[in-house]
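Asks: Sequence isn't available, so here's the structure alone:
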């Protein structure tokens with residue numbers, strides 16, 4: 001077909017994850033509860049970090065940035081999902097799809113790098129405690145976060161622009177409930193070679209690179225913990241990074257399954273995992289840290305005091 005005769009796609013149809021029309025009210029209630037819970041819990045983590053002086057440390061500084069990214073990620077998906085559920089449709093405009101693709105890719109790639117920075121913070125705290133305060137100074141933390149956000153921005157911008165300049169001339173059914181790179185590439189009627197190359201580079205550099213750095217950090221942490229005398233000391237050292245390990249396990253178990261695969265692989269992915277890393281994970285991350293973190297609990301009771309009445 002001659003390029004001038006191509007019919008441009010103006011909107012996409014999202015393959016909804018909720019398929020039973022009789023349970024639409026339940027789906028709306030669940031999605032709304034997840035969204036509100038993620039926003040409220042992550043907002044509290046940010047407020048607690050800012051308002052409670054004992055939490056003005058590198059670990060909580062990184063944790064508050066993680067909370068921001070979780071809110072950005074879920075906000076890029078849930079409002080549109082709720083709109084479609086309420087209106088009984090599954091469409092998204094081309095511009096809206098591109099915007100969602102950029103925002104969601106940004107939050108995911110930036111969080112990937114941030115988790116590695118957080119593992120480096122835990123490595124210094126456990127393996128180099130005497131150097132920790134000077135190494136992880138306020139200036140260093142700000143510089144690290146500027147780098148994290150910068151890399152995430154550049155990565156998502158490049159990948160989004162490459163997808164946005166592709167030709168889409170039908171069909172327009174996206175085999176997921178949100179706009180992501182693999183299903184969009186499958187719908188393009190122009191060459192996706194450059195986009196596929198960038199996806200593979202991101203998988204290798206950001207995905208595998210950060211994963212290997214995480215493994216290295218925790219190998220060194222484990223070696224250090226094994227040298228600590230007494231089970232109490234070992235447990236105290238391990239407890240400082242147990243929440244981070246739980247968040248890393250939750251994040252990588254879904255991301256690796258979803259993205260570290262050939263772009264030619266079938267796009268009918270397990271939607272349960274899609275729900276996990278887009279909707280459930282942003283809610284669980286702050287809960288994992290809050291429930292296992294004494295500092296967050298103390299901040300909660302100071303910010304939201306309960307007065308007994310007799």
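Replies: Great, that's in hand. All of these numbers come straight from a predicted model, not from anything done at the bench. Residues are numbered from 1 along each chain as shown.
Asks: Ramachandran angles for residue 129?
Replies: Per-residue torsions, residue 129: phi -60, psi -30 (degrees, to the nearest 10).
Asks: That one - how many residues pack around it?
Replies: Close neighbours of residue 129, defined as other CB atoms under 10 Å, add up to 11. Yep, even glycine has a C-beta here, placed from its N, CA and C like the rest.
Asks: Wait, a strand at residue 179?
Replies: No: per DSSP: H, G, I helix; E, B strand; the rest coil, residue 179 lies outside any strand segment and is coil.
Asks: Name the residues of the top helix by length along the chain that are buried.
Replies: The single longest helix within the chain, with elements called by DSSP state H, is helix 94-127. For helix 94-127, the neighbour count (16 or more other CB atoms under 10 Å) marks 94, 97-127 as buried.
Asks: Also stretch 223-239?
Replies: 224, 225, 237.
Asks: For residue 130, which residues are in contact?
Replies: Taking CB atoms under 8 Å, 6 or more residues apart in numbering as the contact definition, residue 130 lies against nothing.
Asks: What pLDDT does the model give it?
Replies: The model reports residue 130 with a pLDDT of 90.
Asks: Next one: it relative to residue 143, how far apart?
Replies: 22 Å (CB to CB, to the nearest Å).
Asks: circling back to that earlier point, tell me the helix or strand right after the longest helix of the chain.
Replies: For helix 94-127, the following helix or strand on the C-terminal side (DSSP states H and E) is helix 129-135.
Asks: Tell me how far the residue nearest in space to the middle of the chain lies from residue 66.
Replies: Centroid-nearest residue in the chain: residue 108, 4.0 Å away (criterion: CA atoms, centre = their mean). In this view, residue 108 and residue 66 are 12 Å apart by CB to CB.
Asks: Over to residue 296?
Replies: Going from residue 296 to residue 66 by CB to CB gives 13 Å.
Asks: Of those two, which one has the most company?
Replies: Applying other CB under 10 Å to residue 296 and residue 66 shows that residue 66 carries more neighbours, namely 24 against 21.
Asks: Residue 114 is in contact with that one, correct?
Replies: Yes: here residue 66 lies in contact with residue 114, judged by CB atoms under 8 Å, at a distance of 5.9 Å.
Asks: residues in contact with residue 288?
Replies: 243, 246, 247, 250.
Asks: try 7 Å this time
Replies: Residues counted as contacts of residue 288 (CB atoms under 7 Å, 6 or more residues apart in numbering) are 243, 246, 247.
Asks: Break down the protein into its helices, ranges please.
Replies: Along the chain, counting by DSSP H, helices occupy 24-51, 58-75, 78-87, 94-127, 129-135, 138-164, 181-187, 193-202, 209-227, 231-259, 271-275, 281-291, 294-303.
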